[in-house]
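J.: 3D model of this:
(chains A and B, ligands or ions: 4)
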Amino acid sequence: MKLSEVLSRGAEELRVGVFVCECGLNIAGSLDCEEVRKYAETLPDVKVAVLNKYTCADPGQNEIKKHVKEHNLNRVVVASCSPRMHEPTFRACIADVGLNPYLFEMVNLREHCSWVHLHDRKAATDKAKDMVKIGVARARFLEPQIEKEVPVTNKALVIGGGVAGIQAALDLADTGYQVYLVEKEPSIGGVMAQIDKTYPTMDCSI
Amino acid sequence: MMDVGRHPKVKLYTYSEVEKVSGYVGNFKVTIRKKAKYVDETLCNACGECAKVCPVVIPDEYQMGFSSRKAIYMQLPQAVPSTYVINMNNCLGNNPIACGKCVEVCEKKCINYDMQDELVEVEVGTVIVGTGLEVYDPTQLDEYGYTRFDNVITSLEFERLICAGGPTQGHFIRPTDHLTPKTIGFIQCVGSRSEKRGNPYCSNICCMNTVKDTVLLKDHYPDIEIKVFYMDIRAFGKGFEDLFKRSKEGGVKYIRGIPGDIEEDPETKNLLLTVENTTAGKIEKYNLDMVVLSIGYVPRFKNDPVQQLLTLSRTQDGFYMESHPKLKPIDAPTKGVFFAGVAESPKDIKDSVTQASAAAARAGIILSKNKLKVEAITSMVDKEMCTACEICYRACPFKCISVDREKKIPAEIIEAACAGCGTCGAECPFGAVTMRHFTDRQIISQIDAILDENPEEKVVVFACNWCSYAGGDMAGISRLQYPTSPRLIKTMCSGRVDEHFVLYAFQKGAPLVLVSGCHFADCHYIDANRWTQRRVERLWDKLEKKGIRPERLQLEWISAAEGQKFAKVMRRVDEMMRKVTKEEIEFTKQALSDLKPKGTKKVKVTAKAVA
Ligand SMILES: Cc1cc2nc3c(=O)[nH]c(=O)nc-3n(C[C@H](O)[C@H](O)[C@H](O)COP(=O)(O)OP(=O)(O)OC[C@H]3O[C@@H](n4cnc5c(N)ncnc54)[C@H](O)[C@@H]3O)c2cc1C
Ligand code: SF4
Ligand code: SF4
Ligand code: SF4
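T.: Residues are numbered from 1 along each chain as shown, chains lettered A, B, ... in the order given. Ligands and ions are numbered 1, 2, ... in the order given. The predicted structure is shown next:
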């Protein structure tokens, strides 16, 4: 997709979908997920809010795809676990149904809420609602991004002709790449050329 | 060495240095200065006739000054390329009247005094840095008398004296009387593992190098008496302990204690060494014919153009800093640049070669592609708003912004090289920079969402993606409990946290704001978090001037592994938040009521801001 197309999609009316995950009992065990879902429905531009048992599993992902199509969503918020874990999963999921993967926001209900507030259901639920609100607020301003591509020159420069530089140059050259090896002294060799025998095997250095 | 000289895919530039590097991963443009050798290397057959007639005699660096070379010379007998060079600093002058003897005798006519330095431009996709280190100069350790006493030598000098290709053809003799010593001492950790002098780190190779040297000596001269003075012998690698055992079985005495003093007998030139034997708990004196100082490695600070050319940084030790100490030890923070060998840290040959192969493999990942996807999360400059003040350029850890204050050329981001830390965005006083995916508008909307309702019950926490946010994940995984008041806003780097975000949060009624990031050594954007620190310090001043308690802005470094610390900090900020009074919050809102977003007011760039 070209950037202009992507951008024009981004300029449409905002249609946010929120997917609240129970993660079995990992999240649902310490906060009221249904209450969070209902609250999400009241947030600006949210067209649909859905509860899932395991959002990252295939049925959960299919649910997201289904709703993106059905409600013509152009922003997706998943309130589940850490983005460090599943952001790539969900980005790929929405890309599958034609959304730019950067139109996705993740709310970390598990690591940053349910697991650290195990004993106060009311306070944890309130915080979770607030977190979803923050996520949606950010999602409304998300813009599509393109990972640009640049051409690659298939050659390498190695600076320093000691044993390390020599080895790196040989490996790359043997792989088939052109290598430029720059050494400031008249000869390559570095320190190893000055050593007599080398430990641990006591063999010759040059 | 020979293989690389012969390889059809390797172009060697010896006696050369990299002078300029521009571009970015996949597309570097490099200028190499080929210094004039004054000998045509394609013609020279290394017959050596020239050196025979050269009248200039100077100490040979390769032989550590134990023998001499001429002004026209070959660095080492096995030199690759196998060619003579003239060091013009030594040569009597390219004036045939002054000398010109070598030209006369060279049959191949390959000596040319008019040769000039040559500049060569090459284009490459990746760069591997294998520039090595320097060895410690023990002259400053006065008590060992290195350079005052001729029979005190370094371990590198030892290598030349024991080597068959060395100045003595491998006959190990001491410098003063050219006799093989009967007793010899080795002193370990010279320049290493000392907080006071030299360097605090362990140089990795010197223990085993000494063990090796003792075995070599015992092989050649079974009767020689050898004493090794040490703190610990670190024989930790494969085959190392065996060699250490062989040394001890050969009769080498290992004495725990670092000598405090060496004296020389002016007549015999023998050495009297004083040491506190820490095992025996006594002061002992040893008469030795010769002493070898087992010197460590030191970073190359002088004559290191490479660091600046490739925007490399250094760790506290002074070695080149890797992208991540555990997970990306081969990559430099500059994309497309990799480390091989001791340039990254002291190590032996096996480890140097291993790292070199790893570097080649990492570089190969890039080179094997025709096109490279680059980070989408980069910054962008609005040229209309940019005043070409160059502040962003100075802040950018990767120096991937081109801008010219004198010529008034506005900033432009070299996107392929931009890592997306957002420091430029936070530092630009004119709001000219937009960070993709972490725009001001996105972050402000998050702050709004946090503080819309009951702001007095919440702590606004800025957390960086790699460390502090991950530290929060770790707290979760470990089920560490903390109060519910903190609300996190994630940025890629704490360097992104703009002054405006913090002030805006206070204006909206935030009782407490926490900025958190990686510890300095862990920063994923070289040193972007140092800018965070400076900015927070600036903010503390500003708050104080406005009568707002600076403690209401907290700064913490939390690593990805520090779940405990994260939870503790959350508890602490919650407690602090509870102590902020309603009146204080009201006062703050008033004090900051004239706050305007960046780019909407004229900012005067003071000399201080630019300096
Ligand atoms: C006294 C001593 C004894 C040792 N004994 C042993 C042993 O027995 N066994 C063992 O395994 N290891 C030993 N080592 C360690 C071993 O020497 C190193 O591991 C190895 O030499 C490191 O190789 P390198 O290529 O990384 O660095 P170096 O060998 O230092 O090579 C770096 C090269 O880069 C060049 N260079 C530097 N700057 C530039 C620049 N700006 N432009 C172009 N070129 C540049 C230098 O001229 C040099 O040729 C010993 C080290 C010392 C000091
Ligand atoms: S390798 Fe041994 S001698 Fe060298 S610094 Fe480390 S402990 Fe000291
Ligand atoms: S985002 Fe960081 S790396 Fe990119 S230009 Fe700005 S300061 Fe440099
Ligand atoms: S800091 Fe801002 S105004 Fe200054 S040169 Fe950079 S983009 Fe332009």
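
J.: is ligand 1 contacted by stretch B:73-83?
T.: No - Stretch B:73-83 stays clear of ligand 1 (CB under 6 Å from any ligand atom), getting no nearer than 9.9 Å. No exception for glycine: its C-beta is placed from N, CA and C like everyone else's.

J.: is that stretch in proximity to chain A?
T.: Yes - legend: contact between stretch B:73-83 and chain A by CB under 8 Å from any CB of the partner chain is shown at B:M74, B:Q75, B:L76, B:Q78, B:A79, B:V80, B:P81, B:T83.

J.: kindly report the same for stretch B:236-247.
T.: Yes - counting by CB under 8 Å from any CB, chain A is contacted by stretch B:236-247 at B:G237, B:K238, B:G239, B:F240, B:D242, B:L243.

J.: quick check: ChimeraX command selecting the buried ones in those.
T.: Burial among those is assessed by 16 or more other CB atoms under 10 Å in any protein chain shown; the matching ChimeraX selection reads:
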select /B:240,243
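
J.: secondary structure element holding the closest residue to A:L170 other than its chain neighbours?
T.: Nearest in space to A:L170, with sequence neighbours left out and distances taken as CB to CB, 6 or more residues apart in numbering or on different chains, is B:V4 at 5.5 Å. Assignment of secondary structure by DSSP states H and E places B:V4 within helix B:2-6.

J.: buried residues, that helix. List them.
T.: B:V4, B:G5.

J.: tell me the gap between it and the middle of its chain.
T.: A distance of 29 Å separates the centroid of the chain from that of helix B:2-6, by CA atoms, centre = their mean, to the nearest Å.

J.: which helices and strands sit right next to it?
T.: helix A:163-175, strand B:10-13 (3 or more CB pairs under 8 Å, 6 or more residues apart in numbering or on different chains; DSSP states H and E).

J.: could I get those as TSV with distance to ligand 3, mean neighbour count and mean pLDDT?
T.: As requested, these are arranged in TSV below (distance: least, CB to the nearest ligand atom, whole Å; neighbours: other CB atoms under 10 Å in any protein chain shown; pLDDT from 0 to 100):
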stretch	distance to ligand 3	mean neighbour count	mean pLDDT
helix A:163-175	27	26	98
strand B:10-13	31	20	97
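
J.: before we move on, the earlier item: any idea which of the residues of stretch B:236-247 next to chain A is the one closest to B:R534?
T.: Among the residues of stretch B:236-247 next to chain A, B:G237 lies closest to B:R534 (CB to CB), at 42.4 Å.

J.: touching, the closest one and B:M208? I think so.
T.: Yes - between B:G237 and B:M208 a contact is recorded at 7.3 Å, counting by CB atoms under 8 Å.

J.: between those two, what contacts are shared?
T.: By CB atoms under 8 Å, 6 or more residues apart in numbering or on different chains, B:G237 and B:M208 have these common neighbours: A:P200, B:D348.

J.: what's the distance between stretch B:584-603 and the middle of its chain?
T.: The answer for stretch B:584-603 is 42 Å, by CA atoms, centre = their mean.

J.: go through it and flag the buried ones.
T.: Going by neighbour count (16+ other CB under 10 Å), the buried part of stretch B:584-603 is B:E584, B:I585, B:T588, B:K589, B:A591, B:L592, B:K598, B:G599.

J.: who's in contact with B:K589?
T.: By CB under 8 Å, 6+ apart, the contact list for B:K589 reads B:F506, B:Q507, B:K508, B:G509.

J.: and if you look at B:F172?
T.: Here B:F172 is in contact with B:L161, B:I162, B:T180, B:P181, B:L217, B:H220, B:Y221 (criterion: CB under 8 Å, 6+ apart).
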